[in-house]
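A.B. asks: Got a sequence here, can you model it:
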Amino acid sequence: MKITFVAGWASDPAQYPELAKSARFLIPFSGFRPEELPSMLESGGDVLMGWSTGAHILLKECPHLFDRFKKVILVAPFLAFTHSFPERLVRGMISSLDEDPAKMIASFHSNCGETLELPYDPSGADHLRAGLEYLISSSIDGEGPIEIENLTIIYGSRDKIVRRKAINRVMEFVRPAEVIDLDCGHKVPENELLGLLK
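C.D. replies: All right, here's what the predicted structure looks like:
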């Protein structure tokens, strides 16, 4: 099965080790720029999955490619990150990143529901900052809903990063074939995601 997984901001393959082994695992900003993603997905595949910022970039840059995949799964998507976090809070994240990046990233992962202690790589600071600047300015506009028959949206009911109101705005823009609410935080457990692939 040919799977492409587009991860979120500050993601680490250790968060989803089975997907990192079996899928093409793409991390925004450190692995690609958002505008580069369409050319990376032109060949299609079986499953296209995006998480958080990865889901946003897919929805913004690549909906014309969704029909090249048998299944598209967007986990915690949003039209604009500022629908959940006001710009001043994201600016605060940038300031914290400049002051104590390891602490800031650890706090962010904790708020995602991450239980692993993930290492911080100082060489990635510029990519992380670029990602936050992108999240301040990026938004998806347009008339909806657009029906996408091979699309499933996943949302964790205890998500502290992407709020329910942001999901509701996505639902005004696209009409997926299926919406699945899970009892989890922003980080959906890997076994749940793997179950969707079967």
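A.B. asks: So which bits of stretch 11-19 are buried?
C.D. replies: Buried residues in stretch 11-19, counting neighbours by 16 or more other CB atoms under 10 Å, are found at Ser11, Asp12, Gln15, Tyr16, Leu19. C-beta coordinates here come from the backbone N, C-alpha and C atoms, glycine included.
A.B. asks: Start and end of it, how far apart?
C.D. replies: End-to-end distance of stretch 11-19 (CA to CA, to the nearest Å): 13 Å.
A.B. asks: And for that stretch, what's in contact with it?
C.D. replies: 3, 5, 7, 20, 25, 27, 49, 51, 54, 114, 116, 118-119, 187, 190, 193-194 (CB atoms under 8 Å, 6 or more residues apart in numbering).
A.B. asks: next one: it to chain centre, how far?
C.D. replies: 13 Å (CA atoms, centre = their mean, to the nearest Å).
A.B. asks: same question, stretch 19-28
C.D. replies: On CA atoms, centre = their mean, the centre of stretch 19-28 falls 13 Å from that of its chain.
A.B. asks: Distance check, Lys70 against Ser22.
C.D. replies: 16 Å (CB to CB, to the nearest Å).
A.B. asks: swap that for Ile154, sorry
C.D. replies: 18 Å.
A.B. asks: Show me which of these two is the more surrounded one.
C.D. replies: Ile154 (24 against 15; other CB atoms under 10 Å).
A.B. asks: got the contact list for that one?
C.D. replies: Ile154 touches Ile73, Leu74, Val75, Ala76, Ile180, Leu182, Val188, Glu192, Leu193, Leu196, counting by CB under 8 Å, 6+ apart.
A.B. asks: Tell me how many other residues crowd the first one.
C.D. replies: For Ile73, the number of neighbouring residues by other CB under 10 Å comes to 27.
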